[in-house]
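1. Sequence and predicted model, in that order:
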Amino acid sequence: VTLLEQNPRWRLVPRGQAVNLRCILKNSQYPWMSWYQQDLQKQLQWLFTLRSPGDKEVKSLPGADYLATRVTDTELRLQVANMSQGRTLYCTCSAGTGGAQQDTQYFGPGTRLLVL
Amino acid sequence: LAKTTQPPSMEAYEGQEVNVSCSHTNIATSEYIYWYRQVPHQGPQFIIQGYKDYVVNEVASLFISADRKLSTLSLPWVSLRDAAVYYCIVTATSSGQKLVFGQGTILKVYL
């Protein structure tokens, strides 16, 4: 059973346009949801972790600006803006139980963004 | 967060057993060892996790040295589907949900 849904798997993004991504959680036993990003042939990098509906965080990194929102218990969103032209960016979400001693995170299939 | 060191790449033929090592000399007592793998265009997949000694599941086994400074992921009878980048991550729950991915080990599998 798939724990996290992300659609679409690919998106072409016109230069200067922001893109909104959604991550849908299928099992509420993993309420700690996170966003990660990855540039082509680079390491996966943590962006945000949001636990409760209404939580929001922003972050500016070289090459893009990010706004993450925990919309509901089962939906996490990410807005990516001001991406560098020609950039290929992979964004994936994860979910974990937030256990006291050990916590395994599970990842969604991700969405690959190609900035035109 | 403890830093991990893995071989950059490994090669194997289908049917062979593959052992991927990971050094974490500064691991803290609160930290656990996790292994993930990632194939291109997909999210990381959890493989196994452990704290000490030996752990086994349906996918792999994990051996952790007595001083916990070295762990070895063992994949029995690899197939082409096991070709991926393998990540060893050491982290504690106190670090929150932030997993720090290193360069990983690229595993190439041949027929």
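-> That came through, no problem. This structure is a prediction, so every number in the text was calculated from the model and none was measured.

2. tell me which parts of chain B are close to chain A?
-> Residues of chain B lying close to chain A (Cβ under 8 Å from any Cβ of the partner chain) are B:32, B:34, B:38, B:41-46, B:49, B:51, B:93, B:96-104. Where you see a C-beta, it was placed from the backbone N, CA and C, and this is true even at glycine.

3. Can you list which of those residues are found in strands?
-> B:32, B:34, B:38, B:45-46, B:49 (DSSP state E).

4. Show me just the buried residues among those.
-> Buried members of those, scored by 16 or more other Cβ atoms under 10 Å in any protein chain shown, are B:32, B:34, B:38, B:49.

5. mind listing what's buried in stretch A:22-39?
-> So stretch A:22-39, judged by 16+ other Cβ under 10 Å, has buried residues A:23-25, A:30-39.

6. Same question for stretch B:68-76.
-> For stretch B:68-76, a neighbour-count test (16+ other Cβ under 10 Å) marks B:68, B:70-71, B:73, B:75 as buried.

7. Give the burial count for the residue of chain A found nearest chain B, as a bare number.
-> Closest residue of chain A to chain B, Cβ to the nearest Cβ: residue A:107 (3.3 Å). Residues within reach of residue A:107, counting by other Cβ atoms under 10 Å in any protein chain shown, total 24.

8. and if you look at residue B:51?
-> Residue B:51: 15 neighbours (other Cβ under 10 Å).

9. Would you map the strands across chain A?
-> Secondary structure of chain A (DSSP E): strands at A:4-5, A:10-13, A:19-25, A:32-39, A:45-50, A:56-61, A:64-70, A:75-81, A:88-96, A:105-107, A:111-115.

10. ok, the fifth one near chain B or not?
-> Yes. Looking at strand A:45-50 against chain B by Cβ under 8 Å from any Cβ, the contacts come from A:45-46, A:49.

11. hang on, the earlier thing: right, and the residue of chain A closest to chain B touches residue B:37 too?
-> No. Counting by Cβ atoms under 8 Å, residue A:107 does not reach residue B:37; the two are 10.8 Å apart.
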